[in-house]
Every structure is written in structure tokens, then in C-alpha cells.
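*Asks:* Here is my input, please return the structure:
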Amino acid sequence: MTSGLIGEGQEVTWRARHFGIPLTMTSRITRLDFPRSFTDEQVKGPFKAFRHVHESEPTAVGSIMVDRVEFTASLGVLGRAVERLFLARYLERLIARRGGFLAGADRRIS
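*Replies:* Residues are numbered from 1 along each chain as shown. All right, here's what the predicted structure looks like:
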């Protein structure tokens, strides 16, 4: 197991289950401006492309985190249809739940 902060150029791999399907994704930190922002991009996984920008802004009582996700599904025309029909909304809800978890508002991500 690795501990500590991840740095630019480093990769992280994780597994998750979505729609009942076990998925593995490896992302590389492609930009790091600690503590304000970092960007990770998929280098191996289920998407044709996946880029996630995490931005943090200090406030009087903590910080505000803004996530921006850009993605392209695999499978060509079928993938684009899946994006429009439900994948974009699914990812939006997933990122929002993750933000709630990180903020301590929700202790479970599902």
C-alpha cells in the first residue's frame, strides 16, 4: 500500500462496480497546482477519454471544491447514445455524492 500525497506524473489505479460491472481505471495526474487544483486523466480504463479537474478555493470556514469532468464513452455511436441517455447524468450524480462524502455530509458512496 502507498501512502502520502500523489504528485504530477504519478498514476493511481482503482476498482469500482458500476451498473453491476466491475471496472478498473488508471489515471495519471497531469497537472498539479497544490493546494489549488489538480487534473487527472484516464490512461487505462472503460472510457475513450476521461479528464477530471479538481479545483479548491479557500473560504472563511473551509474550502469550496469544484469538479469538472470531460469524457467520451467508448463504442463509437453506441457510446455517444449511452452518454446522452444516462451516462452524463450518472457521472454528475456520482461526482456530487463524492463531494458530499468528502465534505462529511454523506458517509456512504454507492
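*Asks:* For Gly79, which non-adjacent residue is spatially closest?
*Replies:* In this structure, Gly79 finds its nearest non-sequential neighbour in Ala73, 3.3 Å apart by C-beta to C-beta, 6 or more residues apart in numbering. Backbone N, C-alpha and C define where each C-beta goes, glycine included.
*Asks:* tell me the phi and psi of the one you found?
*Replies:* Dihedral pair for Ala73: phi -70, psi 150, per degrees, to the nearest 10.
*Asks:* For it, list each beta-bridge partner.
*Replies:* For Ala73, the beta-bridge partners are Phe47 (DSSP bridges).
*Asks:* surely it meets Lys48?
*Replies:* Yes: under the criterion of C-beta atoms under 8 Å, Ala73 makes contact with Lys48 at 6.4 Å.
*Asks:* Could I get the full set of helices for the chain?
*Replies:* Secondary structure of the chain, counting by DSSP state H: helices at 76-82, 88-102.
*Asks:* who does the shortest one touch, helix- and strand-wise?
*Replies:* When contacts are defined as 3 or more C-beta pairs under 8 Å, 6 or more residues apart in numbering; DSSP states H and E, helix 76-82 sits against strand 62-73.
*Asks:* Kindly format the C-alpha coordinates of the strand it packs on as CSV.
*Replies:* Extracted in CSV, the C-alpha atoms of strand 62-73 (Å, rounded to 0.1, in the frame of the first residue of the first chain):
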residue,chain,number,x,y,z
GLY,A,62,-13.1,25.8,4.9
SER,A,63,-13.0,25.5,1.2
ILE,A,64,-15.1,25.0,-1.9
MET,A,65,-14.2,22.3,-4.3
VAL,A,66,-15.4,22.4,-7.9
ASP,A,67,-15.1,19.3,-10.1
ARG,A,68,-15.1,19.5,-13.9
VAL,A,69,-15.4,16.2,-15.8
GLU,A,70,-14.9,15.8,-19.6
PHE,A,71,-15.4,12.3,-21.0
THR,A,72,-16.0,10.4,-24.2
ALA,A,73,-17.5,6.9,-23.9
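*Asks:* For it, list every residue counted as buried.
*Replies:* 71, 73 (16 or more other C-beta atoms under 10 Å).
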